[in-house]
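Enquirer: Quick one: sequence and predicted model below, then my questions.
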Amino acid sequence: MKLTILGGGGMRMPAFVRSVLATGAHDFDEICLLEPDQIRRDTIGRLAVEIAGALGRPGTVTVTPDAEQALTGADFVFSAIRVGGDRGRVIDEQVALRRGVVGQETTGPGGFAMAMRTIPVVLSYCELLHRQSPDAILINFTNPAGLITQAISDQGLVRAVGVCDTPGGTAEHLAAFLGASRDGGPDAEPASASFGYSGLNHLGWITSARLDGQERIGEALDRFEELQAFDHRFAAFDPALVRRVHALPTEYVFYYYDPERYLRGVAAAGSSRGEDILRLNEEMLGALAKSFADGGVRDAWAAYSQLLGVRRDTYMHTDMQGSSGQDEARARQEALEHPALDAAGIGGYEGLALRVIDGLTGKRPAKVIVNVPNSGGVISALDPSDIVEVPSQVTSAGLTPIPVPELPRHARALVEQVKEYERTAVQAAMTGDAELAAVALALHPLVPGSTVARELLAAYREQHGQALAYLR
């Protein structure tokens, strides 16, 4: 079985490769990393290749800049690309921030700009995949995940599902807070718990939490201040607002509920998350090059693990707390004993993607929260063709959305508004219509109207240059 990773030079890919090969639980004869950038092929790609060798699987991992080679013979394709790289993300954020608007990677103007750069590139890969491996299944990590998956679905050339670990991670932490027991490893839903969840990617709410057959969502809302102290994901939310909505938001809803806090946090920190990531990734590339020059794969793995830990520990720190948190994170990581190269274990969105593969191949059916068409009207206010983020049963027959409790009125209204923005943005990207792109941006609830939308779009087109030149 061949797995191809688009964006194979991404920072998380060596950890993914190590986990898959160390567990030995997945039957990949080849993992092909597609990476156009030479520096990343020589550092990130090299680390993944040498990890495979160190784990007794030499030749399993390959790295190439050739898309046709990468996609030919693929059974599954992970899409994790970043068109424009880290510097493109910084532009996305800063253009919005200079106008006093939320500038975030996946939400609002930043997510819009990233999507408009990315959709044509992803769809061109889908055309090639359709020609070279028509039976392959594409698993989309590329952000903004729901919007990109919508474009792939609308194109209709390949089977695709979007994945994000935010909903599952939120449910897992809520279960731990409520005292649920666990069974089946870090990727599995707690054995005694089941959750109602629905929305769009990075705009979803937990509407039900049943533990040992008892509904506990009311208790979680009543004890929300305790939950905030227990889990940083909830720390930035206003308890009274959450109780009024009567559902637990996932962390990205923060940008909709308190944009001013985000703006003040970035101002206090003196840099956006994208700028922090740019510096961390440049440090990572330098550290890996030095490790390979001075030592070998185990030295490179040690440097990589530490910096990846810093990145993980500072997730959303700037946005919610007004500082990067890197000094504290570096001190923690330096004091930790990092997993050995051959240690098993996998989680995050990679673990979720592998659960999808296990289900689709018939190895292990599962219940997962993924981005799929709204077939059966799981979210009744949306169209059947709309991509939504809901629990789904995954088997060899495919992915089937599972009925969940209705979203509260407030959440439903916000989802409807954002979905209309997504529909319009995808149509603009697929037709190259600049006027429609401006309309799409004006429809987003974080953008204060048409005038600002047009100013933002003009700035993005100027700064991103050729990547947005297709808009006419």
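Expert: That came through, no problem. Residues are numbered from 1 along each chain as shown.

Enquirer: so where's the stretch 51-200 of the chain uncertain?
Expert: 180-191 (pLDDT under 70).

Enquirer: Please enumerate the strands of it.
Expert: Ranges of strands in the stretch 51-200 of the chain, per DSSP state E, counting those that start in this stretch, are 61-64, 76-79, 137-140, 159-162, 193-200.

Enquirer: Tell me which residue lies nearest the centroid of the chain.
Expert: Cys164 (4.7 Å; Cα atoms, centre = their mean).

Enquirer: Which residues are in contact with it?
Expert: By Cβ atoms under 8 Å, 6 or more residues apart in numbering, the contact set of Cys164 is Phe141, Ala145, Gly146, Asn201, His202, Tyr349, Leu352, Asn371, Glu389. Placement of C-beta: from N, CA and C, glycine included.

Enquirer: run the last query once more with 10 Å
Expert: By Cβ atoms under 10 Å, 6 or more residues apart in numbering, Cys164 lies in contact with 106, 140-141, 143-146, 149, 201-202, 204, 250, 252, 348-349, 352, 369-371, 389.

Enquirer: now do Thr64
Expert: Thr4, Gly8, Cys32, Leu33, Leu34, Glu35, Pro36, Arg41, Gly45, Ala70.

Enquirer: Near the closest residue to Tyr125 other than its chain neighbours, how many other residues are there?
Expert: Closest residue to Tyr125 apart from its sequence neighbours, by Cβ to Cβ, 6 or more residues apart in numbering: Leu6 at 6.0 Å. Residue neighbour count, defined by other Cβ atoms under 10 Å, stands at 27 for Leu6.

Enquirer: how far away is Leu6 from His464?
Expert: For Leu6, the distance to His464 equals 20 Å [Cβ to Cβ, to the nearest Å].

Enquirer: Sheet partners, orientation included, of the helix or strand harbouring Leu33?
Expert: In this structure, Leu33 sits in strand 30-34 according to DSSP states H and E. If you go by DSSP bridges, strand 30-34 pairs up with strand 2-6 (parallel), strand 61-64 (parallel).

Enquirer: Buried residues, the next helix or strand after the longest one. List them.
Expert: Once the chain leaves strand 2-6, the next helix or strand it forms, by DSSP H and E, is helix 13-23. Within helix 13-23, the residues that qualify as buried by neighbour count (16 or more other Cβ atoms under 10 Å) are Met13, Pro14, Ala15, Phe16, Val17, Arg18, Ser19, Val20, Leu21, Ala22.

Enquirer: Please apply the same query to stretch 204-218.
Expert: Gly204, Trp205, Ile206, Thr207, Ala209, Leu211, Arg216, Ile217.

Enquirer: do stretch 407-426 as well
Expert: Buried residues in stretch 407-426 (16+ other Cβ under 10 Å): 407, 411-412, 414-415, 418-419, 421-426.

Enquirer: Ignoring the adjacent residues along the chain, who's closest to Gly376?
Expert: Gly376 sits nearest to Pro401 (Cβ to Cβ, 6+ apart), 5.9 Å away.

Enquirer: thinking that neighbour is in contact with Leu382, fair?
Expert: No - in this structure Pro401 lies outside contact range of Leu382 using Cβ atoms under 10 Å: 11.5 Å.

Enquirer: any shared contact partners between these two?
Expert: In contact with both Pro401 and Leu382: Ser198, Pro373, Asn374, Val388, using Cβ under 10 Å, 6+ apart.

Enquirer: Filter those down to the ones in strands?
Expert: Ser198, Pro373, Val388 (DSSP state E).

Enquirer: Tell me the one of the residues you listed nearest Lys363?
Expert: Pro373 (23.9 Å; Cβ to Cβ).

Enquirer: The closest one contacts Ser385, correct?
Expert: Yes - using Cβ under 10 Å, Pro373 is in contact with Ser385, at 5.9 Å.

Enquirer: Identify the contacts common to these two.
Expert: Residues touching both Pro373 and Ser385 (Cβ under 10 Å, 6+ apart) are Gln150, Ser153.

Enquirer: So for those two, which sits in the more crowded spot?
Expert: Set Pro373 next to Ser385 and count neighbours by other Cβ under 10 Å: Pro373 wins out with 20 against 13.

Enquirer: contacting residues around that one?
Expert: Counting by Cβ under 10 Å, 6+ apart, Pro373 has contacts 149-150, 153, 160-161, 382-388, 399, 401.

Enquirer: can you rerun that using 6 Å?
Expert: Ser385 (Cβ atoms under 6 Å, 6 or more residues apart in numbering).

Enquirer: Which positions are bridged to it in the beta structure?
Expert: Assigned bridge partners for Pro373, using DSSP bridges, are Ile387.

Enquirer: please begin residue numbering at 32 from this point
Expert: Okay, using 32 as the starting number, the last item reads as Pro404.

Enquirer: Any idea how far the longest helix seen in the chain is from the middle of the chain?
Expert: Secondary structure of the chain per DSSP state H: the longest helix is helix 139-163. Centroid displacement of helix 139-163 relative to its chain, using Cα atoms, centre = their mean, to the nearest Å, is 15 Å.

Enquirer: Let me know the angle separating it from strand 61-65.
Expert: 130 degrees (axes from the mean of the first three to the mean of the last three Cα atoms, to 10 degrees).

Enquirer: Which strands or helices does helix 139-163 pack on?
Expert: With contacts taken as 3 or more Cβ pairs under 6 Å, 6 or more residues apart in numbering; DSSP states H and E, helix 139-163 sits against helix 98-102, helix 116-128, helix 176-186, helix 440-462.

Enquirer: closest one to Leu502 among these?
Expert: Per Cβ to Cβ, nearest to Leu502 of these: helix 440-462, 7.5 Å.

Enquirer: one step back: which of the ones in strands among the shared contacts of Pro432 and Leu413 lies closest to Leu154?
Expert: Pro404 (17.2 Å).

Enquirer: what about the residue located most distally from the centre of the chain, distance to Glu61?
Expert: In the chain, Asp325 marks the outermost C-alpha relative to the chain mean, sitting 34.0 Å out by Cα atoms, centre = their mean. Going from Asp325 to Glu61 by Cβ to Cβ gives 30 Å.

Enquirer: Kindly report the same for Ala465.
Expert: For Ala465 relative to Glu61 (Cβ to Cβ), the value is 41 Å.
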